[in-house]
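Asker: Sequence first, predicted coordinates after that:
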Amino acid sequence: MTDSAVQGVLYGSLAAGAVGMWLATSPRTGALRVLGSFLASAGLIAAVAMFSGPGGDVTNKILFWLFAGSALLSGVLMVTSREPVYAALWFALATLGTCGLFMMQAAPFLAAATIIVYAGAIIVTFLFVIMLAQQQGRSFYDYRARTPIMSIVASWLMLAALLWNFQEWQQRAPAAETGPALTAEAASNPFSQPSELNKFDSLRALGLSLFGDYLYAVEIAGTLLLVAGIGAIAIAPRRAEGTI
Amino acid sequence: MTADSGCYLAVGAALFVLGGIGFVTRRNLILIFLSVELMLHGVSLTLLTFGRMHNNLEGQSFTIFMLTVAACEAALGLSLVLSLYQRTKSLDVDIWSKLSEPDLPKWDKPVQPLESRLERAEHPASPRLTKAGGMPEIDDDFPVELAATTDPRKVLTPSPPDDDY
């Protein structure tokens, strides 16, 4: 396809996605909302398809479209679902899709860590809170979106601007093997550069970067976790003493 | 730009924008937090792609720190949501839009003229803050005078210490 045709298809699919989001967030019947969700995710997937696809063989491409499609579809369904529990489960599916994309971006440790932290801890906590704070029956505030049209217009404008930028980059530097060299400040973190011994996708290289260049930051992050845990215990409501 | 980073960047941007729509349109406190997590997913994917583009591991390290902060944020935010729910028995975020002080201008109401606001206020000079906490216990060894006024700038006036203090 020529560049103008690519641009036309990109903006057309973005417009279809916006209409789908509008249908899905509006207070309409179930069938129209499901149709809108699928239209929105199809528009987003078509917009992604206008970029140069994933490299590698057919397996790579199939896996990419599987993961990206499931992440985008369950993201749309999470945002538009009316039941909080379903929204949390759709978010778990979106996490799985994103972790597949992490894996394809040569970050297997991060994929595993994200699944453990999100699917294992955060989703479970969300489900606990939903169960603790669930209303009897349907709650009206889950059934009325707030300012759907304005937010969709604003978000889609931002998405179109981002995608336009990415396309400009792609046209300027089409399909190089490696990206541009880093600036001197960024490249001055010596442990973050992969070498022959430490391949880019190996856990050893990630550990060297994390505990070599970012040792103090790791310590601070550990302290932050401790402080946040103590703060969460202090904030969380509890029974009066001796009532249980 | 490497050969296949464009599609990953596009997926990351789409996830971010979807999370943003959820953050604005949802009215359930819990789902607002979930939408923020979706935005964080989009950002992590973008960071990983940039890291791979530059053949550098800083993107992955940064994503690990993002994961840590996201876990802290979820813990603190959910405990806040629970305590807010205990107060109102509702997860509607619109209830908490009335947190501001009563005489400040509201976003959905026209601003009153300044004179009527000043007339209504008894002490126009002093800030009207909610009382918090009890009266402090005052140590006799460090005498203070309690001024007979409600002006918070004059309530606690420490007397000058002795010469041998």
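Answerer: Cool, got the structure.

Asker: remind me which residues of the chain are low pLDDT?
Answerer: You didn't say which chain, so I picked chain A. A:1, A:135-138, A:173-188, A:239-244 (pLDDT under 70).

Asker: I was after chain B.
Answerer: Checking chain B against pLDDT under 70 turns up B:1-3, B:98, B:100-165.

Asker: now the helices for it?
Answerer: Applying DSSP state H to chain B gives helices spanning B:5-25, B:29-53, B:58-88, B:114-120.

Asker: relative to helix B:5-25, how tilted is the lengthiest helix in chain A?
Answerer: Counting by DSSP H, the longest helix found in chain A is helix A:148-172. For helix A:148-172 against helix B:5-25, the angle by axes from the mean of the first three to the mean of the last three Cα atoms, to 10 degrees is 170 degrees.

Asker: Just checking helix A:148-172 against chain B, any contact.
Answerer: Yes: counting by Cβ under 8 Å from any Cβ of the partner chain, chain B is contacted by helix A:148-172 at A:148, A:151-152, A:155-156, A:158-159, A:162-163, A:166-167, A:169-170, A:172. For every residue, glycine as well, the C-beta is placed using N, CA and C.

Asker: mind checking which helix or strand the residue nearest the centre of chain A is in?
Answerer: Among the residues of chain A, the one closest to the centroid is residue A:98, at 5.9 Å (Cα atoms, centre = their mean). Following DSSP states H and E, one finds residue A:98 within helix A:84-104.

Asker: Touching, residue B:27 and residue A:144? I think so.
Answerer: Yes: the pair residue B:27 / residue A:144 is scored as a contact, 6.9 Å apart, by Cβ atoms under 8 Å.

Asker: When the two are compared, which one has more neighbours?
Answerer: residue B:27 (19 against 13; other Cβ atoms under 10 Å in any protein chain shown).

Asker: Give me the phi and psi for that one.
Answerer: Reported as degrees, to the nearest 10, the phi and psi values for residue B:27 are phi -120, psi 0.

Asker: List the contacts of it.
Answerer: Taking Cβ atoms under 8 Å, 6 or more residues apart in numbering or on different chains, we find residue B:27 in contact with A:141-142, A:144-146, B:92-94.

Asker: Repeat that for residue B:10.
Answerer: A:47-48, A:50-51, A:163, A:166.

Asker: what's the distance between it and residue B:21?
Answerer: 17 Å (Cβ to Cβ, to the nearest Å).

Asker: Over to residue A:155?
Answerer: Taking Cβ to Cβ, one finds residue A:155 at 5 Å from residue B:21.

Asker: Just want to know which of the two has more residues nearby.
Answerer: For the pair residue A:155 and residue B:21, the greater number of neighbours falls to residue B:21 (28 against 23), based on other Cβ under 10 Å.

Asker: wouldn't that one be in contact with residue A:157 here?
Answerer: No: contact between residue B:21 and residue A:157 fails when scored by Cβ under 8 Å: they sit 12.0 Å apart.

Asker: Mind listing what's buried along stretch A:122-134?
Answerer: By neighbour count on 16 or more other Cβ atoms under 10 Å in any protein chain shown, the buried set for stretch A:122-134 is A:122-123, A:125-127, A:129-130, A:133.
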